[in-house]
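**Student:** pasting the sequence and the predicted coordinates here, then a few questions.
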Amino acid sequence: MVTTSFTPIASLVGGAMIGLAAVLLMWATGRIAGVSGIAARLFPPFEDREFAGRLAFVAGLAAAPVLVRLVTGGLPEQTIAAGPAVLIVGGLLTGFGSVWGSGCTSGHGVCGLSRLSVRSLVATMTFMAAGMATVFVMRHWS
Amino acid sequence: MAILVQFAIGLIFGLGLILSGMSNPAKVLNFLDIGGIAAGTWDASLALVMAGAVAVTFVRFSRVLKLARPFFADRFYLPTRRDIDPRIIAGPAIFGVGWGLVGFCPGPALTALGFGSLSAVIFVIAMCAGMVLARFIAHLPSSTRFVTPADPLET
């Protein structure tokens, strides 16, 4: 297990930037900045003509580290401890569950909570609890 | 123009994820590790990410929604459902297990693609497969009989 340090200022400011992006997306497109919904709609069935905009948003997400590397010459630490099998199972569960539950950390956890949605509160408490339980089992039950 | 703006918004979102530390699965897992509180390895940073993001959206959403319409669209598309159905528990429970196994939720996973790691590529391919599967199952006739709307994204 890799220990990480508490970064209150960077995390608060970074969080505010995520919130700003969500507000800007609502202002520009009138839609919730839910990453799972945006990513899932890049695949069929297609229900509207917003494909290009969604692809641009996802491209922006992936371009962020490229920009950071260009400007600062390096990237912050990123440690992915999971092996291929866990990555595949974790990816499948993350993709399936976030669509099945109509949202993930951004759609429910940020946009939904700020709109005082009870559905989003239930969803957020559930994925936090499930995430904590999973880490507890993985780290402390062996 | 609208496409370029959405790219820029995705970029701001991604920069926020990197600055906040959410793009580092180790940090996410150390936050989810409540067993680490006693051990002193718990990283509370992510609570502040959530707080910062919700604070901004809570204050600004209502002002944006007072506008007649979005800048590039004819109307606002807001979720309208209020019911607590089985899917709003089962979905996040499944997602949470995946989140706890690897430390990636969808946004940071897509941002991680730009870090150039093979692990992120593997995770994102599996994640997209899971998303397609969930929508496919939701569209099957047998499951639409009991739950409306058929597509869980349409909320």
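**Tutor:** Perfect, I can see it now. Source: prediction; values computed, not measured.
**Student:** same question for stretch B:102-115, mean pLDDT?
**Tutor:** Stretch B:102-115 carries an average pLDDT of 97.
**Student:** swap that for stretch A:94-110, please
**Tutor:** Taken as a whole, stretch A:94-110 carries a mean pLDDT of 96.
**Student:** do stretch B:35-46 as well
**Tutor:** Looking at stretch B:35-46 alone, the average pLDDT works out to 94.
**Student:** can I get the CA coordinates of that stretch in CSV?
**Tutor:** The C-alpha trace of stretch B:35-46 is given here as CSV (Å, rounded to 0.1, in the frame of the first residue of the first chain):
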residue,chain,number,x,y,z
GLY,B,35,-9.5,1.0,8.5
GLY,B,36,-6.6,3.4,8.0
ILE,B,37,-8.1,6.0,10.4
ALA,B,38,-6.7,4.2,13.4
ALA,B,39,-3.5,3.3,11.6
GLY,B,40,-2.9,7.0,10.6
THR,B,41,-2.8,6.3,6.9
TRP,B,42,-6.3,7.7,6.1
ASP,B,43,-6.2,10.5,3.5
ALA,B,44,-9.2,12.8,4.1
SER,B,45,-8.4,15.0,1.0
LEU,B,46,-11.2,13.6,-1.1
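**Student:** that one vs chain A: in contact?
**Tutor:** Yes. Stretch B:35-46 reaches chain A (C-beta under 8 Å from any C-beta of the partner chain) through B:35-36, B:41, B:43-46. (Glycine included, C-beta is placed from N, CA and C.)
**Student:** again, but for stretch B:8-17
**Tutor:** Yes. Applying C-beta under 8 Å from any C-beta, one finds stretch B:8-17 touching chain A at B:8-17.
**Student:** who wins for neighbours among those residues?
**Tutor:** B:Gly14 (33 neighbours; other C-beta atoms under 10 Å in any protein chain shown).
**Student:** was I right about that one contacting A:Ala59?
**Tutor:** No. Using C-beta atoms under 8 Å, B:Gly14 is not in contact with A:Ala59; the gap is 9.7 Å.
**Student:** show me the shaky parts of chain A.
**Tutor:** Scanning chain A for pLDDT under 70 picks out A:142.
**Student:** now do the helices in it.
**Tutor:** Along chain A, counting by DSSP state H, helices occupy A:8-29, A:35-40, A:51-72, A:84-100, A:113-114, A:118-140.
**Student:** not counting its neighbours along the chain, what's nearest B:Val28?
**Tutor:** Once flanking residues are discounted, B:Val28 sits nearest to B:Gly103: 4.1 Å by C-beta to C-beta, 6 or more residues apart in numbering or on different chains.
**Student:** could you export stretch A:14-22 as CSV, CA atoms only?
**Tutor:** The C-alpha coordinates for stretch A:14-22 follow below in CSV (Å, rounded to 0.1, in the frame of the first residue of the first chain):
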residue,chain,number,x,y,z
GLY,A,14,-9.3,21.2,-7.6
GLY,A,15,-12.8,20.4,-6.3
ALA,A,16,-13.9,23.9,-7.0
MET,A,17,-12.6,23.6,-10.5
ILE,A,18,-14.7,20.4,-11.0
GLY,A,19,-17.7,22.4,-9.7
LEU,A,20,-16.9,25.3,-12.0
ALA,A,21,-16.8,22.8,-15.0
ALA,A,22,-20.2,21.4,-14.0
